[in-house]
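Visitor: only geometry, no sequence info:
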């Protein structure tokens, strides 16, 4: 008996019991669909996070207050970075292209009878090229605004639309803490980055922010929330980071633990990629448990099938079928169940991935290798869990089988 004949007989047997075969495949279908969907959504999440980091700008370093250990503590680190630190980095570190210090806050803003809460960013003109922002109307904050501590703002696209509607906001005023600010620009839509909606933001000169909103908050000068640094050449990232760290240690007179942390864009990508990758593996592992459950279901049904078909097995052996023929037939039946279930589950999982990609920001997708691997694993599970029933069928004595049937 060759493999082709075994395949035909296995197919006929499965088709003769359509309902039982369908229910047997259900566990494999659910398991495969879960694994495929999890891997696809995980790959989409990794791509999404990578795009989020890339949207921050190119060749970026981020300097934040507090030591690396302090970043993991729930207590807010002290404001150890100042505007003077940013100016020193721009002047004294040769690999630096531009430096954009930033002072963040949140306030209630109003225009006529409209009020809303918004993020307030005190910035310098360098933020525009460093973070890849673009102006849609009017202009951005310039160096003259900083020197004169002008009460001017540039608005994110969503704030401009919500506050002013069809009114041209350029030249209009808005109030923050009972102080009037003149709108000089509206930014192009930027979207969200790591949960922060950059279109729901008000930009003003950092000097004005300190004078009117937040205050100095540091005995060493104008404190900043963090400093964005763009590097001229990607190959100089590590060297520039080392030079910045040494400069800040000298300026802050540090002898032990640093009171600042320098992170590169690559560090952020590696960290977020590792987190999303670990979560994908965890979820895929949990989802694969249902594949094992499906395999146990196949084994149970095949054991029942052996019991029901005892007379058939005895008769086939009596007319010359060898134990290997019986073993092959029952093994092929089990593998067919798992492979068909795997293919159906793969199709359902791919449809789920496509639906997630269409309904969310994730550009979910699957590599052909993941699809082949998932289908192969489901077939392997059928083989593993089908061997025991197949061996039991192959070891039946033909005389005993015919007598007990």
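Guide: Alright, I've got the coordinates. Everything numeric in this text was worked out from a predicted model, so none of it was measured.
Visitor: give me the number of residues near residue 310?
Guide: 17 (other CB atoms under 10 Å). Heads up, the C-betas are built off the backbone N, CA and C, glycines and all.
Visitor: Distance-wise, check it relative to residue 393.
Guide: Residue 310 sits 9 Å away from residue 393, going by CB to CB, to the nearest Å.
Visitor: most residues in a single strand of this structure, which one?
Guide: strand 96-111 (DSSP state E).
Visitor: what's the helix or strand for the most centrally placed residue in the chain?
Guide: With distances taken as CA atoms, centre = their mean, residue 45 lies nearest the centre of the chain, 2.7 Å away. In the assignment (DSSP states H and E), residue 45 maps to helix 18-54.
Visitor: which is the next helix or strand following that helix?
Guide: In N-to-C order, the element after helix 18-54 by DSSP H and E is strand 60-65.
Visitor: what lines up beside that next one in the sheet?
Guide: strand 226-231 (antiparallel), strand 260-264 (antiparallel) (DSSP bridges).
Visitor: Pull out the buried positions in stretch 297-308.
Guide: 297-299, 301-302, 305-306 (16 or more other CB atoms under 10 Å).
Visitor: I'd like to know which of these are part of helices.
Guide: Using DSSP state H, the subset of the buried residues of stretch 297-308 located in helices is 297-299, 301-302, 305-306.
Visitor: Let's have those in CSV, adding distance to residue 227 and pLDDT.
Guide: Listed next are these as CSV, based on distance: CB to CB, whole Å; pLDDT from 0 to 100:
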residue, distance to residue 227, pLDDT
297, 59, 79
298, 60, 78
299, 62, 80
301, 65, 77
302, 66, 76
305, 70, 75
306, 72, 74
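Visitor: got the end-to-end distance for stretch 110-127?
Guide: 25 Å (CA to CA, to the nearest Å).
Visitor: List the buried residues in that stretch.
Guide: 111, 118-127.
Visitor: Can you pick out the most distant pair from the residues you listed?
Guide: Comparing all pairs in the buried residues of stretch 110-127 by CB to CB, the longest separation belongs to 111 and 126, at 28.2 Å.
Visitor: Looking at the buried residues of stretch 297-308, spot the one nearest residue 173.
Guide: Nearest to residue 173 out of the buried residues of stretch 297-308 is residue 297 (CB to CB; 69.8 Å).
Visitor: could you list every residue that touches that closest one?
Guide: 24, 26-27 (CB atoms under 8 Å, 6 or more residues apart in numbering).
Visitor: among those residues, which ones are buried?
Guide: 24, 27.
Visitor: Just put the contacts of residue 297 in a markdown table and tack on pLDDT and distance to residue 33.
Guide: Converted to a markdown table, the contacts of residue 297 look like this (pLDDT from 0 to 100; distance: CB to CB, whole Å):
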| residue | pLDDT | distance to residue 33 |
| --- | --- | --- |
| 24 | 78 | 16 |
| 26 | 83 | 11 |
| 27 | 79 | 11 |
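Visitor: How many residues are close by residue 154?
Guide: If you count neighbours by other CB under 10 Å, residue 154 ends up with 27.
Visitor: Show me what it is bridged to.
Guide: Going by DSSP bridges, residue 154 is paired in beta bridges with residue 185, residue 203.
Visitor: now it: how far from residue 222?
Guide: From residue 154 over to residue 222 the distance is 20 Å, taken as CB to CB.
Visitor: do the same with residue 165
Guide: 35 Å.
Visitor: between these two, who's got more neighbours?
Guide: Taking neighbours as other CB under 10 Å, residue 165 and residue 222 compare with residue 222 leading, 24 against 10.
Visitor: where do the helices sit along this protein?
Guide: So, for the chain - with DSSP H - the helices run 3-16, 18-54, 83-92, 127-130, 143-147, 157-164, 206-209, 237-252, 265-308, 310-318, 323-359, 368-394, 398-404.
Visitor: Who are the packing partners of the longest strand of the chain?
Guide: If contacts are counted by 3 or more CB pairs under 8 Å, 6 or more residues apart in numbering; DSSP states H and E, strand 96-111 sits against helix 83-92, strand 114-123, helix 127-130, helix 157-164, strand 173-176, helix 206-209, strand 226-231.
Visitor: any idea which of the helices of the chain is most buried?
Guide: Most buried of the helices of the chain by mean neighbour count (mean count of other CB atoms under 10 Å) is helix 206-209; its value is a mean of 23.
Visitor: what's that one packed up against?
Guide: For helix 206-209, the packing partners by 3+ CB pairs under 8 Å, 6+ apart come out as strand 96-111, strand 114-123, helix 143-147.
Visitor: Distance to residue 9 and mean pLDDT for the ones you listed - can I get that in CSV?
Guide: Shown next, in CSV, are the helices and strands packed on helix 206-209 (distance: least, CB to CB, whole Å; pLDDT from 0 to 100):
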stretch, distance to residue 9, mean pLDDT
strand 96-111, 72, 91
strand 114-123, 69, 91
helix 143-147, 84, 92
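Visitor: pLDDT score assigned to residue 190?
Guide: The confidence metric pLDDT takes the value 82 at residue 190.
Visitor: Compare the strands paired with strand 60-65 and give me the one nearest residue 171.
Guide: strand 226-231 (29.2 Å).
Visitor: Show me the contact partners of the closest one.
Guide: Here strand 226-231 makes contact (CB under 8 Å, 6+ apart) with 57-65, 81, 85-86, 89, 95-102, 127, 129-131, 237, 240, 244.
Visitor: Mean confidence (pLDDT) on it, please.
Guide: Averaging pLDDT along strand 226-231 gives 90.
Visitor: between that strand and helix 237-252, how many degrees?
Guide: 140 degrees (axes from the mean of the first three to the mean of the last three CA atoms, to 10 degrees).
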